[in-house]
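> Predicted model and sequence below, questions to follow.
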Amino acid sequence: MLPRLATLVENEDPRGLEALDVLYPLTGKAHVVGVTGPPGAGKSSLVAALLDRIRASGRRAAVLAVDPTSTISGGAVLGDRIRMMEQHADEGVFVRSMASRGRQGGLAWATAGLVHLLDAAGYPLVLVETVGTGQDGTDIASLADTVVVVEAPGLGDGIQAIKSGLLEVGDIVVVNKADQPGADDARRLLRAAFDLAHPTDSRETPILPAVAITGSGVAELLTAIDDHVSWLTESGQLTVRRERAARSEVLAGIRMALDRRLEAGSSHMPELASLISRVARRELSPREAVETLTVMLGPSVNS
Amino acid sequence: MTEPDDFENRISPVRILIAKPGLDGHDRGAKVLVRALRDAGFEVVYTGLFQTPEMIASAALQEDVQVIGLSILSGAHMTLFPQIMQELKGRGLDDVLVVAGGTIPKADIPAVKGLGVAEVFGPGTRLSEIVDFIRQNAPAPSPLW
Ligand code: B12
Ligand SMILES: Nc1nc2c(ncn2[C@@H]2O[C@H](COP(=O)(O)OP(=O)(O)OP(=O)(O)O)[C@@H](O)[C@H]2O)c(=O)[nH]1
Ligand SMILES: [Mg+2]
């Protein structure tokens, strides 16, 4: 039932989307934790280790693991699950792999919908592993309550981490592969980079060492995650984040709907077709055509 | 008015699980196949090595794949396949297309097919042949109601 519903939502089957509309009022209870970071940093391994800890604390958990869709074939290899096979027999763990299906930024368009489904299904924790991202992978910040950024020694010198924008969205940073040389240096560099980027924050971002494959440091990570929810709730930030998430989901949906209409061709929009012809005949500038059409969306912000 | 982004006009990628059951470290064929299926536009969940029948069935259930591919070069197919098919049935996964490959002797193929495995592809099979078979036979995810 849940797995098939997830497929219908992912495929934008109207039956899935309508079911989601009905379930939506039941959502908002789950704590959504994003796990992001560069390719190979150990995100999946860390999620698997976290699952053990979460289960030991008596909670159920669901995972959505996103891997990139090939822009050439439209296919994808969904390999995150390999690291999470240990939990297969556990009814309290649900793992679902997703392909990004053309979206940039580390998630699929349907990821938010699937988070809502798992939330409605009663999973108190939903972990979302993003595509391994070097740059431009910050969409997770507008979906998750808590963002865990996973770094590893040898994957950059801290400058990369700053450039990627990931540090700006990280609520907790993990230096994974702490069993490898350079982990302490990486942690120090990240601490410095972090304090430089956020000198005035009231909450200091934890930077924690971990070894995902042995489970070392993972208990501390779960504590930090749980502490973050408490902080969100007490500081009122949870409301702010949920508002931001709702806003970004609605705006993304509108953008996508508009995009699809435009791509479906001007045959559906006679006004657009005639404006385009006039631009081609040099009777109208492209900017004037755009303005004519966007007027329908209400007054422009910069006028 | 019909919406330009009509659901019926969009084709969703077929999801496939490629699994390596049992104590069998031969993963070259499975990996080659995973890549070929991705390049053919499928979404491929790969389980990795050493999977029990329960692991394969529970992964197939949670991932809601339309196709399961079993790769086996250990010779243990006649022990493992009946268990896998039973685990799948036990979870209500009877609309899934199951295919297999690896070193399965010709003599065993009728028995393997009798278990509900749709087709068996041995060493030397062209990848395009496998891709075509899956394209033609993969079921669409049926609605729930
Ligand atoms: C390479 C190889 C190895 C490599 C494996 C490297 C690796 N990571 O994969 C190494 C050296 C490690 C190895 C070890 C062993 N091997 Co070896 N190995 C082979 C060999 C020579 C080729 C296999 C291969 O990679 N072929 C290339 C790939 C691309 O082909 P393929 O896997 O067959 O896949 C094709 C099809 O079968 C099909 N296919 C495969 N899977 C799937 C899945 C689906 C869903 C579909 C649709 C299609 C499909 O599509 C592919 C493309 O055509 C075979 C001999 C042979 N003729 O197969 C023996 C063979 C498989 N090995 C054998 C044995 C006995 C062993 C060892 C036990 C040997 C030992 N005593 O040490 C160990 C066991 C290791 C272990 N842990 O399991 C035997 C198995 C006998 C049996 N079935 O009863 C074979 C058949 C050799 C023989 N004739 O005795 N081996
Ligand atoms: N030495 C060491 N290796 C690790 C550790 N954690 C993960 N690895 C290894 O790092 C590799 C990548 O791990 P994954 O968990 O797949 O990394 P990922 O970030 O999910 O990778 P992508 O999803 O492909 O971006 C694997 O070979 C892991 O075994 C660790 O703490 N120490
Ligand atoms: Mg991963």
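On my side now, so go ahead. Ligands and ions are numbered 1, 2, ... in the order given.

> Tell me where the chain has helices.
No chain was given, so I picked chain A. Listed in chain order, the helices of chain A (DSSP state H) span A:2-10, A:14-23, A:43-56, A:111-120, A:159-163, A:166-169, A:183-197, A:218-235, A:237-263, A:270-280, A:286-294.

> switch to chain B, that's the one I care about
B:28-39, B:53-63, B:77-90, B:109-114, B:127-137.

> A:Val175 is nearest to which of the helices of chain A?
helix A:183-197 (4.8 Å; CB to CB). (Each C-beta comes from the backbone N, C-alpha and C, glycine too.)

> what's the closest non-adjacent residue to residue 45?
Going with chain A. The shortest distance from A:Ser45 to any non-neighbouring residue, by CB to CB, 6 or more residues apart in numbering or on different chains, is to A:Ala212 (3.6 Å).

> oops, I was thinking of chain B
A:Leu78 (4.5 Å).

> now A:Ala112
Using CB to CB, 6+ apart, the closest residue to A:Ala112 is A:Glu249 (5.1 Å).

> you'd agree A:Leu284 is up against A:Ser274?
No. Taking CB atoms under 8 Å as the definition, A:Leu284 is not a contact partner of A:Ser274, at 9.8 Å.

> so who does the nearest residue to A:Leu190 once chain neighbours are set aside touch?
Of all residues not flanking A:Leu190 in the chain, A:Ile207 sits nearest, at 5.4 Å (CB to CB, 6+ apart). Contacts for A:Ile207 were tallied using CB atoms under 8 Å, 6 or more residues apart in numbering or on different chains; they are A:Val173, A:Val174, A:Val175, A:Arg187, A:Leu190, A:Arg191, A:Phe194.

> Redo those residues as CSV? Include neighbour count, pLDDT and distance to ligand 2.
Putting the contacts of A:Ile207 into CSV (neighbours: other CB atoms under 10 Å in any protein chain shown; pLDDT from 0 to 100; distance: CB to the nearest ligand atom, whole Å) gives the following:
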residue, neighbour count, pLDDT, distance to ligand 2
A:Val173, 25, 93, 14
A:Val174, 31, 96, 10
A:Val175, 29, 95, 10
A:Arg187, 20, 89, 14
A:Leu190, 23, 85, 16
A:Arg191, 16, 87, 19
A:Phe194, 22, 77, 20
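
> Name the nearest of these relative to A:Thr223.
Closest to A:Thr223, out of all of the contacts of A:Ile207 and judged by CB to CB, is A:Val174, at 12.6 Å.

> which residues does the closest one bridge with?
With DSSP bridges as the criterion, A:Val174 is bridged to A:Val150, A:Leu208.

> and the nearest residue to B:Lys106 once chain neighbours are set aside, what is it in contact with?
Once flanking residues are discounted, B:Lys106 sits nearest to B:Gly122: 7.9 Å by CB to CB, 6+ apart. By CB under 8 Å, 6+ apart, the contact list for B:Gly122 reads B:Gly101, B:Gly102, B:Thr103, B:Ile104, B:Lys106.

> doesn't B:Ser74 make contact with the fourth one?
It refers to B:Ile104. No. The criterion here is CB under 8 Å, and B:Ile104 misses it with B:Ser74 at 10.5 Å.

> ok, these two, which is more surrounded?
B:Ile104 (23 against 16; other CB atoms under 10 Å in any protein chain shown).

> Now do the same contact list for residue 44.
If you meant another chain, say so; for now it's chain A. Applying CB under 8 Å, 6+ apart to A:Ser44 gives the contacts A:Ala65, A:Gly79, A:Asp80, A:Arg81, A:Ile82, A:Arg83, A:Met84, A:Glu129.

> my question was about chain B
A:Gly75, A:Ala76, A:Val77, A:Leu78, B:Arg15, B:Ile16, B:Leu17, B:Ile18, B:Val34, B:Leu37, B:Arg38.

> Would you point out the helix or strand in chain A whose mean pLDDT is lowest?
helix A:159-163 (a mean of 67; mean pLDDT, DSSP states H and E).

> ok, the spatially most central residue of chain A to ligand 1 distance?
With distances taken as CA atoms, centre = their mean, A:Ile140 lies nearest the centre of chain A, 2.7 Å away. Distance from A:Ile140 to ligand 1, counting by CB to the nearest ligand atom, to the nearest Å: 34 Å.

> where in the chain is pLDDT low?
Because you didn't say which chain, this covers chain A. Across chain A, residues meeting the criterion (pLDDT under 70) sit at A:134-136, A:155-164, A:198-201, A:265-268, A:296-303.

> wait, chain B
B:1-10, B:144-145.
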